[in-house]
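Undergrad: Sequence plus the predicted model coming up.
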Amino acid sequence: MPELTYIQAISDALRQEMRRDQRVFVLGQDVGVYGGAFKVTLGFQEEFGPWRVMDAPLSETAIVGGATGAALMGLRPVAEMQFADFISCAWDHLVTVAAKQFFRGRTPVPIVVRLPSGGGFSGGPFHSQNPESSFAHIPGLKIVCPATPHDAKGLLATSIEDPNPVLYFEHKHLYRRIKGEVPEERYTIPFGQARVHREGDDAVVVTWGAMVHTASDAADQLAGEGFEVEILDLRTLIPWDKARVLESVRRCSKVLVLHEDTRTGGFGAEIAATIAEEAFEDLDAPVVRIAAPDTPVPFSPALEKAFLPQVEDVVKSLQELAAY
Amino acid sequence: MPELTYIQAISDALRQEMRRDQRVFVLGQDVGVYGGAFKVTLGFQEEFGPWRVMDAPLSETAIVGGATGAALMGLRPVAEMQFADFISCAWDHLVTVAAKQFFRGRTPVPIVVRLPSGGGFSGGPFHSQNPESSFAHIPGLKIVCPATPHDAKGLLATSIEDPNPVLYFEHKHLYRRIKGEVPEERYTIPFGQARVHREGDDAVVVTWGAMVHTASDAADQLAGEGFEVEILDLRTLIPWDKARVLESVRRCSKVLVLHEDTRTGGFGAEIAATIAEEAFEDLDAPVVRIAAPDTPVPFSPALEKAFLPQVEDVVKSLQELAAY
Amino acid sequence: MAVREAEPVGSLQEVKEAGLDREDLLGIYRHMLITRAIEERGHILYRQGKIPGSFYTGRGNEAAAVGVATAMGPNDVGTPLHRDMGVHITRGVEPWRIIAQYMGREGGPTRGRDGNVHMAAPELGLHPMVSHLPAMLPVAVGMALAFKIRGDRRVALGWFGEGSAARGDAHESMNMAGVRQLPVVFICDNNQWAYSTPTYLGYPIEHVADRAAAYGFDGVVVDGTDVLAVYREAKAAIEKARQGGGPTLIECLTLRMEGHAVHDDAFYVPKEMFEQWAAQDPIERFRTWLRSNADMTDDEEDQITSVVKRLLNDALERAEESPLPDPSGLEQGVYASAEDLDTPHHK
Amino acid sequence: MAVREAEPVGSLQEVKEAGLDREDLLGIYRHMLITRAIEERGHILYRQGKIPGSFYTGRGNEAAAVGVATAMGPNDVGTPLHRDMGVHITRGVEPWRIIAQYMGREGGPTRGRDGNVHMAAPELGLHPMVSHLPAMLPVAVGMALAFKIRGDRRVALGWFGEGSAARGDAHESMNMAGVRQLPVVFICDNNQWAYSTPTYLGYPIEHVADRAAAYGFDGVVVDGTDVLAVYREAKAAIEKARQGGGPTLIECLTLRMEGHAVHDDAFYVPKEMFEQWAAQDPIERFRTWLRSNADMTDDEEDQITSVVKRLLNDALERAEESPLPDPSGLEQGVYASAEDLDTPHHK
Ligand SMILES: Cc1ncc(C[n+]2csc(CCOP(=O)(O)OP(=O)(O)O)c2C)c(N)n1
Ligand SMILES: Cc1ncc(C[n+]2csc(CCOP(=O)(O)OP(=O)(O)O)c2C)c(N)n1
Ligand SMILES: [Mg+2]
Ligand SMILES: [Mg+2]
């Protein structure tokens, strides 16, 4: 099986879907000759032509609204945002039109919006955000956040196949940092199934995206101390694998919810609240949350490091849980 | 002290602020001759002229972005959305510009956006939403949700005075349904201080907006059964009165978090998660949440009733807590 | 590419050349009558407390809506708005379903999930509006994009009001359509008021259609009370788009003959304005034309009138028989499953 | 109200009539040199790893930025973008603070909270751009609205690129400004590329300025490499706005002489295009003009060059002395308190 970076896995998966399904097309700024801001679609226009790999004007609303219209006519648009941050310019179209259309008219809106997200490289307040929590609150949208090349590929195929609007958050900081084995043949990964990134029985960390790797490093450190931490990678937030999370909570009795998005009202609150409500009797300690502080993402490396949850923060929190 | 409806209190407060402070002006669709979709600014244009009560084109982005610009130049804009639902069209301007401007440039953005929100009158999916949770997740914004005429007035004054972007959610279903004594003179109510709507020691309901009254009806029913429920009206979500909530939780040991917005990722999750983390040892039962189901707000009365949390739902949940 | 003001329509001969025979003309008249009748009936039902929420009509816009819809091809699609009941009627949405929609019944196109004219008939090429205006324009452009990508000879129509022309969605969609010369026709229902806002507070130029020049395509202003002129202009624009000629912006000038919605008495509209436009009521105007140009007889008129009356009575009866939706299904309807894609428009 | 193409600037006499004396001219030249020097220095620092994140320059846009900023009155305000370093320089932002900003130091205008040219100098009338383009246009319109409400004789300037002209924000802001005839001037930095996107994929008409007609005000296209022509047009538009004459849209035509940002080699820009525009480099062009029309001497040139060099060296030194921001203050900076309102621009 070839080893691919996370971004290669995304690119390969998208190409594969476009080859097998004529209805799939790509719409976004600079996706054509330039191959997209992160080069995910490099070479695509040569293979699929200018209409299936379409450079759009600087118009997030027209891109997402246009994708919705094309989907209603039977195509399978994959829209690209240059940075997840810019999806704020199409918020209304996702929330008002795409998310509610099936509920109202029973016409499915099978669109995928690819959203390069996350910090870690001094992108500053507008090129580093993780806006998945905002969308996870909107009924009608599905939220996908792969953490590995293997999941990135399988979940993209599932996203394109899904008959609903899917927001596919790809973490920029993983693009070239994470490699892994990825089958060449097509495969899908069902939504709503968490992945056990690491096994353990002493505590469970529930997380997703780049934080899976942060948690993993922290768990490795603690393994030396004889404290075995399970890491559950949710992979999709909507739907999220509540059953699997509760199972782990029951077994481990201590739980840390970790995410890179800001804390207040982040999706971690939903997970923690659910655990507190449904596994109350199984908890040996309070459900702890670690997340970014409630500020915009700062630019300066000194500040950004303080903003992003670090391995040390996770280690410390797990040690406190261990001692509880 | 005169008895005013909730909407009269808002209107009076706004007029009073405009009289005392030349910098305050109103911007929105049909706010002039028509007096606004709900007539809050009826007669204002005659008193303050067409520039301080300015009819805007159908342009939420220009309204909110324009308010931001005017605020940066020292004015105190109060923007009106016809329905809170339409703020989705200005999401980007609140989240990207207004919320982050002070953090980045240290220039305060003292704007208020008035947002008639909430369901209960067959407004359907686009005229009934409670989008406060989405905004409560965005650092830099403040979120105000009055439940009584007295608070509506005092909190509006505070909102206008506050040097930050404030989203003032006024619940449409309370407009003419709720009356109360409102002092004629100006007063402010500090943000971040919950109000005890009803006293009790057996359980606490943490809620805001129209649900305060739903909770109140439920508590009245249970009082007959000898179960005394405290109702905490948060009044503002950002900042929220964590200290007061934790105090009540410690005293009552049972807690129900109630809101009208949809459940998953709603602000109730933040409150429940915080309680579960910080008052874990004081809980005699899981923190229970009641909220609308994860669907758009349906139009048909039969469906809307099933969507909105009802007094019976709250009673049932409190009875379960009592029995826990 | 300056904006063009369309000539009024003259003789039967001219109309025949535009592709309408006498049957078609009587059909158009019937559609306009049904359109008005449904909205008038809705008004009564609303006052009787049988329609929850609010209630909007398109009185004065019947010719604009029916004229455009008549010009659409069978496989064309559109996203009509709250003044465009005539589009639904012309495309064949059954009146009883509309009344059921008004009433929040299971039999309405949204099964009580949404109200008013927020309704879909995808099998007839119609997709439901959202309240947020004019968010359906980018959607219509996306439909046109799908046709272009697939090489379908189909056209998408997107409606908007002169008020909502101010919103960014109008701009982004027209710009993208212009850049890509997509087969889309933009229809502006210019009824001179956006809620209480007059045109001069909404846009600073003479015609909304003037803006077509900013997007590299043609604009035309047509008298929206002249159903045949509307038809002619829409037909020309639609066929141009179908031939690869790109978008057109058609502005149909009318007056909103009632308040913004049922709660609004429109005190802010000058009385003379109502009087002036009442004198060119689109239905009466077309009736007169049919009598003098197409020899519509008393018998024919009576027959149409009674057909419409019967239709409406049946519709009301059937709508009232339709149950209120069952709340137990509410939460299941948010996400589509694979089978839901198994419809003609998703092939 | 068709778009007007501005004449190039001729003699010193003409320029004097436009209000610039010889000192002013040398000042403009110095500002252009500083602008370029800062960005060139930034480039080097970036390659040395001293600037984190990404890095953008406005090479080729120096005349457009400096020309417009020179025309602003002392109390006018603006929201310049990532190609408009010249505006910051002309308004008096100290170079060391800009380099500190690049480097994420405490001494930068955003104290390390933001990077690049995302910076504010409210005391100089400049407000920080956000990345989301062109979101600062509605903000600029709101500033103009404040002036109108208060009766201030001030003007707001809003910048945007030809690429971001496609976004709804451009439309909503121009429409509202047109309806209310607000004292705002829209400056389009048309550098012919939006990242890799050429103009014909961004908008379907000849000039962005053509769109002014859609909003009821004047549009003008000016050669953005001719600093004096830019100045003249900006001055006229600003004074017109100040007199109550409403908005103007000025399109400054240039070429983006580097990649979109430092990581982009601009392979998609035809070589001949770069060559052609290199031949009309704005700084060289103005230098030649100054030599032949204002008798700029070798001495004067040398002196300016060395002043700029010294300024840059000092700036770098001072920026490097500035500490990295202290993370402990991060969470306190999100919400303003009452005292933060106690600034001149909030009176
Ligand atoms: C984005 C948005 N803002 C506000 C409203 C509230 N609203 C409903 S209809 C209307 C006026 C629309 O005017 P116009 O576009 O001319 O259409 P008309 O109703 O006159 O047909 C307004 C402001 C809305 N529907 N959408
Ligand atoms: C809303 C939004 N979408 C996407 C981007 C990413 N982006 C940054 S600059 C740019 C090109 C902008 O082109 P133009 O407006 O012509 O300005 P230029 O960079 O050429 O000066 C793009 C697409 C952005 N900044 N904002
Ligand atoms: Mg109108
Ligand atoms: Mg450009």
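TA: Ah, there it is. Since this is a predicted model, take the numbers as computed values, not measurements. Ligands and ions are numbered 1, 2, ... in the order given.

Undergrad: CA only for contacts and neighbour counts going forward, please
TA: Noted.

Undergrad: can you pull the contacts of the residue most central in space within chain C?
TA: Using CA atoms, centre = their mean, the residue of chain C that lies closest to the mean C-alpha position is C:D84, 2.7 Å off. By CA atoms under 8 Å, 6 or more residues apart in numbering or on different chains, the residues touching C:D84 are C:G58, C:N61, C:E62, C:A65.

Undergrad: Buried ones among these?
TA: C:G58, C:N61, C:E62, C:A65 (16 or more other CA atoms under 10 Å in any protein chain shown).

Undergrad: Which SSE is immediately downstream of the longest strand along chain A?
TA: In chain A, with assignment by DSSP state E, the single longest strand is strand A:255-262. Heading C-terminal from strand A:255-262, the first helix or strand you meet, by DSSP states H and E, is helix A:267-278.

Undergrad: So what touches that following helix?
TA: Applying CA under 8 Å, 6+ apart, the contact partners of helix A:267-278 are A:132-133, A:136, A:246, A:249, A:257-259, A:263, A:287-289, B:264-266, B:269-270, B:272-274, B:276, B:286-288.

Undergrad: which secondary structure element contains the residue lying closest to C:M296 once chain neighbours are set aside?
TA: Once flanking residues are discounted, C:M296 sits nearest to C:L290: 5.5 Å by CA to CA, 6 or more residues apart in numbering or on different chains. For C:L290, the host element (DSSP H and E) is helix C:282-293.

Undergrad: Could you pull up phi and psi at C:G161?
TA: Phi and psi for C:G161, reported as degrees, to the nearest 10, are phi -100, psi 160.

Undergrad: On the pLDDT front, check it for me.
TA: We have a pLDDT of 98 for C:G161.

Undergrad: For the contacts of C:D84, give me JSON lines that also has secondary structure and distance to D:Q192.
TA: Converted to JSON lines, the contacts of C:D84 look like this (DSSP: H, G, I helix; E, B strand; the rest coil; distance: CA to CA, whole Å):
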{"residue": "C:G58", "secondary structure": "coil", "distance to D:Q192": "45"}
{"residue": "C:N61", "secondary structure": "coil", "distance to D:Q192": "43"}
{"residue": "C:E62", "secondary structure": "helix", "distance to D:Q192": "45"}
{"residue": "C:A65", "secondary structure": "helix", "distance to D:Q192": "41"}
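
Undergrad: Turn the residues you listed into JSON lines, including distance to ligand 3 and pLDDT.
TA: Below are those laid out as JSON lines (distance: CA to the ion, whole Å; pLDDT from 0 to 100):
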{"residue": "C:G58", "distance to ligand 3": "10", "pLDDT": "98"}
{"residue": "C:N61", "distance to ligand 3": "11", "pLDDT": "98"}
{"residue": "C:E62", "distance to ligand 3": "14", "pLDDT": "98"}
{"residue": "C:A65", "distance to ligand 3": "14", "pLDDT": "98"}
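
Undergrad: Chain B: which of these is nearest?
TA: Taking CA to the nearest CA as the measure, chain B sits nearest to C:G58 out of the contacts of C:D84, at 19.2 Å.

Undergrad: From the structure, what's the count of residues near the one residue in the stretch 1-150 of chain C that gets nearest to ligand 3?
TA: Closest approach of the stretch 1-150 of chain C to ligand 3 (CA to the ion) occurs at C:R83, with a separation of 9.1 Å. Residues near C:R83, counting by other CA atoms under 10 Å in any protein chain shown, number 23.

Undergrad: what sits against it?
TA: When contacts are counted by CA under 8 Å, 6+ apart, C:R83 is found next to C:Y56, C:T57, C:G58, C:R59, C:N61, C:A65, C:D189.

Undergrad: Kindly report the same for C:L312.
TA: C:I34, C:A37, C:I38, C:P95, C:W96.

Undergrad: for chain C, what spans make up the strands?
TA: Counting by DSSP E, chain C has strands at residues C:4-5, C:77-79, C:156-161, C:184-190, C:193-194, C:197-198, C:218-223, C:248-253.

Undergrad: Report whether the fifth one contacts chain D.
TA: No: no part of strand C:193-194 sits close enough to chain D to count as contact by CA under 8 Å from any CA of the partner chain; the gap is at least 14.6 Å.

Undergrad: what about that strand and ligand 3, touching?
TA: Yes: Strand C:193-194 reaches ligand 3 (CA under 5 Å from the ion) through C:W193, C:A194.
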